[in-house]
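In: next one to model:
(one chain, ligands or ions: 1)
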Amino acid sequence: MTLTVGQLEEARRALDAPLFADLAGDAQVSFEFFPPKTEKMEATLWQSIETLAPLGPRFVSVTYGAGGSTRERTHATVARIQRETPLAAAAHLTCVEATKEEIDAVAEQYWAAGVRHIVALRGDPPSEGARFAPHPGGYANAAALVEGLRKLHPFEISVAAYPECHPDSADAKADIDNLKRKIDAGATRAITQFFFSPEAFFRFRDAAAAAGITAELVPGILPVSNVAQTRKFAGLCGAAIPAWMDRLFEGLDDHPAARQLIAATIAAEMCRKLYAGGVRSFHFYTLNRAELSYAICHLMGLRPKVGAKAEAAWAAKKPRSFRAKSRNGDNRHASVSRLRSTRTECEHERT
Ligand SMILES: Cc1cc2nc3c(=O)[nH]c(=O)nc-3n(C[C@H](O)[C@H](O)[C@H](O)COP(=O)(O)OP(=O)(O)OC[C@H]3O[C@@H](n4cnc5c(N)ncnc54)[C@H](O)[C@@H]3O)c2cc1C
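Out: Numbering: from 1, shown residues only. Below you'll find the predicted structure:
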């Protein structure tokens, strides 16, 4: 990748100036949540959404459990965000264990609920370690799903990308070729799996550009406060955990507050390096907690967008009872299914 003079200047300042001095606050952010399983988790989620919303994310997304196991909960959460907040909601949707007709029906429900953004994924098999096998009547992979969604409605479509290669890929080239297929099928952007090496992202960005991919690549940022649990999940998705991370968290098992501070520092420094390399969009895996993502955004210079317009947008959509509901964990709008969700459980474990 060729850096512009402005980017080179920014890179030089990143080295010369104190960390995070003079950040313009011009980055765009999005936040990922998972559908809550219990009333308590639901209350936490809505508090987090309310905390992060003033930062003006361009969208917030909600994950879809393995095998469609969170279908109702994902839909309820996405629809409620769309209905009750001024935020643009994006729904994750996977191909696992469903026919094309079933998946199309879910997408149609989203369209009817006013949701215009889908994060289109192949998904993982519901049982850990199993190989993905497409449903006989289903979409074979994410590229096929993107193609199918394009035929339904003019959705905005995001797809997944892997700076350190997806475990099912033969090699890095095959992985990039697959990403290109998804973009060519009609996706507008790719959001990456989490990673801890900015260099890996820059190499991936260069390889994508060399393959003719011009769509936006948004790094997925996972603030880690428990390295052992993150390692377990990283093993499944092909992300490398650097040795220094183990050393940093050593001896902190009984110091959750210190772990949080370190998590924010690591993630913020990575964002700073990505910013210095020209990245202006970041997607945060919030794990339904606002504090870490909020702190990192603040360090990047983002401030709440307050003012008459923002207030009016909330007032127009937010029911008067919203705050009370958030505090009480009122679950009226969510039909909480009891089904298992591998991805959701993994995400929960990542905290
Ligand atoms: C931002 C993000 C959000 C996610 N959200 C969810 C979620 O909500 N729910 C969930 O269950 N999972 C989610 N995942 C995980 C994702 O489902 C898994 O990583 C899954 O294993 C791959 O999905 P994909 O969409 O990348 O698949 P694909 O892009 O279809 O590719 C998967 C692998 O198969 C290979 N492949 C695909 N098509 C072909 C082909 N025609 N020929 C050869 N090889 C091919 C690719 O090279 C790649 O290695 C998310 C991942 C990311 C990065």
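
In: which outside residues touch stretch 73-88?
Out: 33, 35-37, 45, 49, 53, 57-60, 62-65, 89-92, 106, 109-110, 113-117, 310, 313-314, 316-319, 322, 333-337 (C-beta atoms under 8 Å, 6 or more residues apart in numbering). The way it works is simple: take the backbone N, C-alpha and C, and place the C-beta from them, glycine included.

In: so which bits of it are buried?
Out: Buried residues in stretch 73-88, counted by 16 or more other C-beta atoms under 10 Å: 73-82, 84-88.

In: in those, find the pair that's most separated.
Out: 73 and 86 (22.4 Å; C-beta to C-beta).

In: how about the residues of this protein near the ligand?
Out: Within the chain, the positions lying close to the ligand (C-beta under 6 Å from any ligand atom) are 63-64, 66, 92, 94, 119, 121-124, 141-142, 160, 166, 168-169, 174-175, 178, 182, 191, 193, 220, 237, 343.

In: 5 Å instead?
Out: 63-64, 66, 92, 94, 121-124, 141-142, 160, 166, 168-169, 178, 191, 193, 343 (C-beta under 5 Å from any ligand atom).

In: buried subset of these, written for ChimeraX?
Out: A single ChimeraX command selects the buried members of those (16+ other C-beta under 10 Å):
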select :63,64,66,92,94,121,122,123,124,141,142,160,166,169,178,191,193,343
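
In: so where do the strands sit in the stretch 51-200 of the chain?
Out: 59-62, 89-94, 117-121, 156-161, 189-194 (DSSP state E, counting those that start in this stretch).

In: can you say which of those strands is nearest to residue 274?
Out: Ranking the strands of the stretch 51-200 of the chain by proximity to residue 274 (C-beta to C-beta) places strand 189-194 first, at 10.5 Å.

In: and the closest one, how far out from the chain's middle?
Out: How far strand 189-194 lies from its chain's middle: 8 Å, per C-alpha atoms, centre = their mean, to the nearest Å.

In: and the angle from that strand to strand 89-94?
Out: 70 degrees (axes from the mean of the first three to the mean of the last three C-alpha atoms, to 10 degrees).

In: all helices of the chain, in order?
Out: Under the criterion DSSP state H, the chain contains helices at 5-16, 39-52, 71-84, 100-112, 142-152, 172-184, 198-210, 227-237, 243-249, 256-276, 291-299, 308-317, 322-328, 342-349.

In: mind listing what's buried in the longest one?
Out: Right, helix 256-276. 259-260, 262-268, 270-276.

In: name the helices or strands packed onto that helix?
Out: helix 5-16, helix 198-210, strand 216-221, helix 243-249, helix 291-299 (3 or more C-beta pairs under 8 Å, 6 or more residues apart in numbering; DSSP states H and E).

In: neighbours of residue 301, just the number please.
Out: Look at residue 301: counted by other C-beta atoms under 10 Å, it has 15 neighbours.

In: next up, the contacts around it.
Out: Counted by C-beta under 8 Å, 6+ apart, residue 301 has contacts 20, 23, 24, 25, 26, 27.

In: let's go with 10 Å and repeat that
Out: Residue 301 makes contacts with 20, 21, 22, 23, 24, 25, 26, 27, 275, as judged by C-beta atoms under 10 Å, 6 or more residues apart in numbering.

In: what subset of those is buried?
Out: Here, 16+ other C-beta under 10 Å leaves 20, 23, 27, 275 buried among these.

In: tell me which of those residues is nearest to the ligand?
Out: residue 27 (17.6 Å; C-beta to the nearest ligand atom).

In: quick one: contacts for the nearest residue to residue 156 once chain neighbours are set aside?
Out: The shortest distance from residue 156 to any non-neighbouring residue, by C-beta to C-beta, 6 or more residues apart in numbering, is to residue 117 (4.3 Å). Applying C-beta under 10 Å, 6+ apart to residue 117 gives the contacts 30, 58-61, 78, 82, 88-91, 110, 155-158, 188-189.

In: just the buried ones from the residues you listed, in PyMOL syntax?
Out: In PyMOL, this line selects whichever of the contacts of residue 117 come out buried by 16+ other C-beta under 10 Å:
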select buried, resi 30+59+60+61+78+82+88+89+90+91+110+155+157+158+189
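
In: got TSV for the helices and strands packed on helix 256-276, with distance to residue 147 too?
Out: TSV is the format used below for those (distance: least, C-beta to C-beta, whole Å):
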stretch	distance to residue 147
helix 5-16	35
helix 198-210	20
strand 216-221	20
helix 243-249	39
helix 291-299	33
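
In: redo the ones you listed as CSV? Include mean pLDDT and mean neighbour count.
Out: Formatted as CSV, these follow (pLDDT from 0 to 100; neighbours: other C-beta atoms under 10 Å):
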stretch, mean pLDDT, mean neighbour count
helix 5-16, 73, 12
helix 198-210, 96, 17
strand 216-221, 98, 21
helix 243-249, 90, 14
helix 291-299, 95, 21
